[in-house]
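Chemist: 3D, please:
(2 chains)
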Amino acid sequence: MTTQLPDDDGQLLGQLGAALRSAGPITDDDLTGARGAFAWRTVDDDLALAGLVYDSSIQERPLVRGEVVSGGRTLIFEGDTISIEVDATPDGLRGQVVPPGRADISLITSHGLAGETTADDMGWFAFAALPSGPVRLLCRTATTRLATDWVRL
Amino acid sequence: MEENATVTDLVHAAAGGDEYAWNSLVERYMPLVKSVIRSYGLSGQNAEDVNQTLWLRLVEHLKDIREPRALPGWITTTTRNECAQLIKNIRRTVPVDVSVEPHAMPQVTEELDEGLLHAERHQVLLQALAELPDHQRNLLVLLVADPPLPYAEISRRLGIRIGSIGPTRARALQRLRECQAVAALLETNTEEIR
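Modeler: A predicted model of the protein is given here:
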């Protein structure tokens, strides 16, 4: 397979056509959904973003802090001052705010609020059901507010 | 946002809250995202979920993309990771899933390698296309329409003279060859050859 793009315009146009067809039809739903994502833009300067830094279904990592292997999928989101660890299983979502402490936790889908709960003194919280499609968590402690990256669970 | 806005302009504007700039990024990069998703054999709800997750995540990362030229790479890598994760999850939890098309996961290594090369080339071309100014990009998309459109129809749809289609086509294709995504691919392949 040659790496150069063809000098011939007709050939290059042919390759471009094949590339566009490899995407399949772009539907109005595709565009509407993606445009609508902008409405979820975090505009609040006080709301920090906790990025996804670990996903057990993609990466391996050594166990830390005497953790228990859950059998579910473990995700870690890291903000500047707080991280959130969650275990997702078919039965629901269990998580911990680190450093441990009380916090209000909201479960958000692209349609809006899907659940609310409070993390206990040790930072533990749980949601009984997992919504389908992309979700994120919002976390409010006495001092910080943060939103996690969007993930599919 | 003017018609000749570059991807860099669009990323900065969208990060600053310009919804029109965001919509323009969506239109430019949607074919790339969907091509990556389909190269993993995903369709239906799974494909929609990956697609939606990608855009939701990009909204929050516009600010972090300090070098907007890194955007196509960010989009491609993030979409690939999401697809790989989803497929791994499907295999672990559901033995047979109709939404993963079996023919899209070839068993023969040779076939897979060839498939990957095609997919990579498609994605580089779509990255390059996304960087072209609107008038060049729109023209190229209409020129490869299937079934083909007569020049008169293209002229009508884009509001340009038939006589300017040929020269614009030539300039657009030349720009496609010179685009940074293509240059990066050539560089990578040269390194591999060494």
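Chemist: quick one: the helices in the chain, in order.
Modeler: Using chain A. Listed in chain order, the helices found in chain A under DSSP state H are A:9-22, A:28-36.
Chemist: um, chain B though
Modeler: Secondary structure of chain B, counting by DSSP H: helices at B:7-15, B:19-39, B:44-61, B:71-93, B:109-131, B:134-143, B:151-158, B:162-178, B:180-193.
Chemist: so for the fifth one, what gets flagged as buried?
Modeler: Right, helix B:109-131. Neighbour counts over helix B:109-131 (16 or more other C-beta atoms under 10 Å in any protein chain shown) mark B:115, B:118-131 as buried. In short, each C-beta sits where N, CA and C put it, glycine included.
Chemist: do the same with stretch A:7-21
Modeler: A:Asp9, A:Leu12, A:Leu13, A:Gln15, A:Leu16, A:Gly17, A:Ala19, A:Leu20.
Chemist: for stretch A:71-87, same thing?
Modeler: For stretch A:71-87, burial by neighbour count (16+ other C-beta under 10 Å) applies to A:72-79, A:82-87.
Chemist: try stretch A:34-41
Modeler: A:Ala34, A:Arg35, A:Ala37, A:Phe38, A:Trp40, A:Arg41.
Chemist: the residue in chain A that chain B sits nearest to - nearest residue in space that isn't next to it in sequence?
Modeler: Closest approach between chain A and chain B, counting by C-beta to the nearest C-beta: A:Gly17, at 3.4 Å. Counting by C-beta to C-beta, 6 or more residues apart in numbering or on different chains, B:Val144 is the residue found nearest to A:Gly17 once chain neighbours are left out, at 3.4 Å.
Chemist: look at the one you found and report its pLDDT.
Modeler: Note for B:Val144: predicted pLDDT of 96.
Chemist: isn't it right next to A:Leu12, touching?
Modeler: No. In this structure B:Val144 lies outside contact range of A:Leu12 using C-beta atoms under 8 Å: 10.3 Å.
Chemist: the residue lying closest to B:Leu139 once chain neighbours are set aside and chain A, how far apart?
Modeler: Nearest residue to B:Leu139, sequence neighbours excluded (C-beta to C-beta, 6+ apart): B:Thr168, at 5.4 Å. Going from B:Thr168 to chain A by C-beta to the nearest C-beta, to the nearest Å gives 12 Å.
Chemist: so what's B:Thr168 up against?
Modeler: By C-beta atoms under 8 Å, 6 or more residues apart in numbering or on different chains, the residues touching B:Thr168 are B:His135, B:Gln136, B:Leu139, B:Ile160.
Chemist: just the buried residues of the residues you listed.
Modeler: B:Gln136, B:Leu139.
Chemist: need the max-distance pair from the contacts of B:Thr168.
Modeler: B:Gln136 and B:Ile160 (11.1 Å; C-beta to C-beta).
Chemist: circling back: next, count neighbours for the residue nearest to A:Gly17.
Modeler: A count of neighbours around B:Val144, defined by other C-beta atoms under 10 Å in any protein chain shown, yields 17.
Chemist: who are the contact partners of it?
Modeler: By C-beta under 8 Å, 6+ apart, the neighbours of B:Val144 are A:Leu13, A:Gly14, A:Leu16, A:Gly17, A:Leu20.
Chemist: TSV for those, including distance to A:Arg140 and pLDDT?
Modeler: Below are the contacts of B:Val144 laid out as TSV (distance: C-beta to C-beta, whole Å; pLDDT from 0 to 100):
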residue	distance to A:Arg140	pLDDT
A:Leu13	54	94
A:Gly14	55	94
A:Leu16	49	95
A:Gly17	51	95
A:Leu20	45	96
